[in-house]
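Q: prediction below, plus the sequence it came from.
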2 protein chains.
Amino acid sequence: MAVDLDLAPKQKRPAGERCCEPVVYPDVERQQAERMAEIAKALGDPVRLQLVDVLRKHAGKVCVCELVPLFELSQPTVSHHLKVLREAGIVGSERQGLWAYYYVIPDALGELSAWLS
Amino acid sequence: MAVDLDLAPKQKRPAGERCCEPVVYPDVERQQAERMAEIAKALGDPVRLQLVDVLRKHAGKVCVCELVPLFELSQPTVSHHLKVLREAGIVGSERQGLWAYYYVIPDALGELSAWLS
DNA sequence: TACGTAGATTGATGGCGGTCGATCTGGACC
DNA sequence: GGTCCAGATCGACCGCCATCAATCTACGTA
C-alpha cells in the first residue's frame, strides 16, 4: 500500500487541549482510494454482487440469457447492471453470434481484497 | 458461504439452442448478498474508504476533530460520512466529554473480505 | 430479402446520496 | 446562570442511480 496523500490543505488543529494522538493521515492516497471506492461502489448493489458471485463461481464465460432469469428484473435492467460492472473493470464481455458472454476479469478485485485483509 | 437463494420465479429458459451450460445459481443467498452489498456500498465513497483506512491503521479510537481537517469538507459532511459508516456497522463511536471517538468494529469487514478472497 | 431473436441503448420517472449553511445538543468552564 | 466549544442534526439543493417500456442493432435463418 502506498503512502502519501495529496488531499487537502490539512491545516493543523489550533493549539490547546489535545483530545488524542497527533493527526493521523490516511495510508492510502486519494487516487488509490478513488479506485477502490469505484470497485466497492459497483459491488454495492445486491444484484451486481450476486452477478459477480455467479460469474466467479462459474469459472468461465456465462451467457446473459442464463443470468437474466435469475432475477425478478427486466432484461434491460440486468443489462444495465452488467454495464456498470463492465465499466468498473470487474467483468468483461464477449459476443459470439447472437449471444453475449460475461466473465470476471482476473485480479480485478485483488486490490480491494488486499486492502480489506 | 451458504447456498440456497430465494430470489425469483427463476423460470426455465424455453427449449431450443442452448448457448452455454445449464442455469447457474448464485452461491450466496439474497440476504447475505444484501448484507455484503450494504458494506460495499458504505465503502463506495473515497472519503469513507479513507476514513476507514485511517481508523484501521490507527489501532484505537480517533477523535473526530482529527478526522475533519484531513478532508476539504465541512464538518457536517464528515459527520454524515461517519454516520453512514456507523449505520452500516463498520465503525462505532464513543463520546468522552466534548470529544467523540470513532473506531473500526472488529470483523465488520470479515464477511466481505472472505467473499472477495 | 424478410423475419425472429439476443442483447444493448434510450428516455422517462421516482428515489437516494453528497454537500453545505444554519441550527441544535450537551459538556466544560468561568 | 452564561458562554464557549465539539459534534450531531436539519433543511435544501442538485446530481446520480435503479428501474421499466419502448426501441434499436446485429446476427441467424428461412
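A: Looks like it arrived, so ask away.
Q: from now on I want contacts and neighbour counts done on CA atoms only, so please keep to that.
A: Will do.
Q: three-state assignment of the residue positioned nearest the centre of chain A?
A: The centroid of chain A falls nearest to residue A:39 when counting by CA atoms, centre = their mean (1.5 Å). Per DSSP: H, G, I helix; E, B strand; the rest coil, the local secondary structure of residue A:39 is helix.
Q: what score does the nearest residue to it once chain neighbours are set aside have for pLDDT?
A: The shortest distance from residue A:39 to any non-neighbouring residue, by CA to CA, 6 or more residues apart in numbering or on different chains, is to residue A:88 (6.2 Å). For residue A:88, the pLDDT comes out at 97.
Q: and if you look at residue A:96?
A: With respect to pLDDT, residue A:96 scores 92.
Q: list the contacts of the residue nearest to residue A:112 when sequence neighbours are not counted.
A: Spatial nearest neighbour of residue A:112, excluding adjacent residues (CA to CA, 6+ apart): residue A:36 at 5.7 Å. The neighbours of residue A:36, taking CA atoms under 8 Å, 6 or more residues apart in numbering or on different chains as the test, are A:111, A:112, B:44, B:46.
Q: just residue A:52 next, same as before
A: Applying CA under 8 Å, 6+ apart to residue A:52 gives the contacts A:91, A:104.
Q: that one sits in which helix or strand?
A: If you go by DSSP states H and E, residue A:52 is part of helix A:46-57.
Q: what about whichever helix or strand comes after that helix, distance to the chain center?
A: Proceeding N to C from helix A:46-57, the next assigned helix or strand is strand A:62-63, under DSSP H and E. Its chain's C-alpha centre and that of strand A:62-63 lie 21 Å apart, by CA atoms, centre = their mean, to the nearest Å.
Q: ok, strand A:62-63 near chain B or not?
A: Yes. Shown here: strand A:62-63 in contact with chain B (CA under 8 Å from any CA of the partner chain) through A:62, A:63.
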